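>>> pasting a predicted model and its sequence here:
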Amino acid sequence: MPIRAVLWDIDDTLFDYTGADSAGLAAHLRAEGLAERYGSPPEALALWRRLTELHWARFAAGEVTFQGQRQDRVRDFLGEPALTAARADAWFDSYVEHYKAAWVLFPDVLPVLDALAGTHRHGVLTNSSAANQDPKLRHLGLRDRFEVLVCAAELGVSKPDAAAFLAACEALGLPPGQVAYVGDQPEIDARGARDAGLTAFWLDRDGGRGPGPAAVHRIEGLDRLPELLAADTRFGARSGIR
């Protein structure tokens, strides 16, 4: 079956989440007088990202609410387990303002969306919430590019669960065999999409992260995506992708 639609991950696929997170956290720590507390900005970011992954996994498992995982992340990061929800929310909200100031798209995003606008439908599947991602897409000028925005927080299931990918395909009204998925995580995005029956593209922007899962198409940028989608990129077919 030909690929008729593309589902996209957002963070570190369309939007430079790592860059914004790094710059935003560093600016927030300076504003809070905590710039020296964690050794260096990379060390602070590494701790923040570890705690993000830890508490997001708890949310994905249904152990805590979306807001609760944010609050627990702040408590652990500051080493203040008794911090009230209100104070944790205020700290996180202040961080978010610095983070938003650093938002930027990757330079290959608009060109590829323009190139595919007349040939493929588009949607988003993200392990976040609509309250978080819809304003982000609007701020970045992308929301109108996507027919559907499917988010784990509202869906009740997250990538790499096949149910998340199938729900996004259902929202588009297409079978998974007619949908491609593009994301930066080899397991959560690429393997998950592959196992759900979509054509999976692993966007390895940095390169050198290994071959990735089998039967997954690895690309290092979005510039060749229109050409590859126009060709037969079903599993087992020659794609020309390294």
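Perfect, I can see it now. Note that the structure is a prediction, hence the values are computed from the model and not measured. Numbering: from 1, shown residues only.
>>> quick one, domains of the protein?
5-16+104-230, 17-100 (automatic domain parsing).
>>> report the mean confidence score over the last one.
What that stands for is domain 17-100. On average, the pLDDT along domain 17-100 is 95.
>>> next one: it to chain centre, how far?
The chain centroid and the centroid of domain 17-100 are separated by 17 Å under C-alpha atoms, centre = their mean, to the nearest Å.
>>> near R49, how many other residues are there?
14 (other C-beta atoms under 10 Å). Quick note: C-beta positions are derived from backbone N, CA and C, even for glycine.
>>> how about the secondary structure of the nearest residue in space to it that is not next to it in sequence?
Counting by C-beta to C-beta, 6 or more residues apart in numbering, R49 lies nearest to D21, which is 7.4 Å off, once chain neighbours are set aside. At D21 the chain is in helix, as set by DSSP: H, G, I helix; E, B strand; the rest coil.
>>> then R73?
Relying on three-state DSSP, one would call R73 helix.
>>> I'd like to know how many residues surround it.
So R73, with other C-beta under 10 Å, has 23 neighbours.
>>> tell me who's in contact with it.
By C-beta atoms under 8 Å, 6 or more residues apart in numbering, R73 lies in contact with W48, L51, T52, H55, F92.
>>> does the first one touch D21 like I think?
Yes: A contact is recorded between W48 and D21 when judged using C-beta atoms under 8 Å, the distance being 7.4 Å.
>>> report all helices and strands that the longest helix anywhere in the chain contacts.
Longest helix in the chain by number of residues (criterion: DSSP state H): helix 41-60. When contacts are defined as 3 or more C-beta pairs under 8 Å, 6 or more residues apart in numbering; DSSP states H and E, helix 41-60 packs onto helix 17-31, helix 66-78.
>>> which one of those lies closest to H122?
Nearest to H122, of all the helices and strands packed on helix 41-60, is helix 17-31, at 19.2 Å by C-beta to C-beta.
>>> please identify the deepest-packed of the domains of the chain.
domain 5-16+104-230 (a mean of 19; mean count of other C-beta atoms under 10 Å).
>>> could you tell me the end-to-end distance of that one?
Distance between the two ends of domain 5-16+104-230: 12 Å, counting by C-alpha to C-alpha, to the nearest Å.
>>> now stretch 112-129
Here the two ends of stretch 112-129 are set 25 Å apart, with distance taken as C-alpha to C-alpha.
>>> hmm, back to that, which one of the contacts of R73 sits closest to G207?
Nearest to G207 out of these is T52 (C-beta to C-beta; 23.9 Å).
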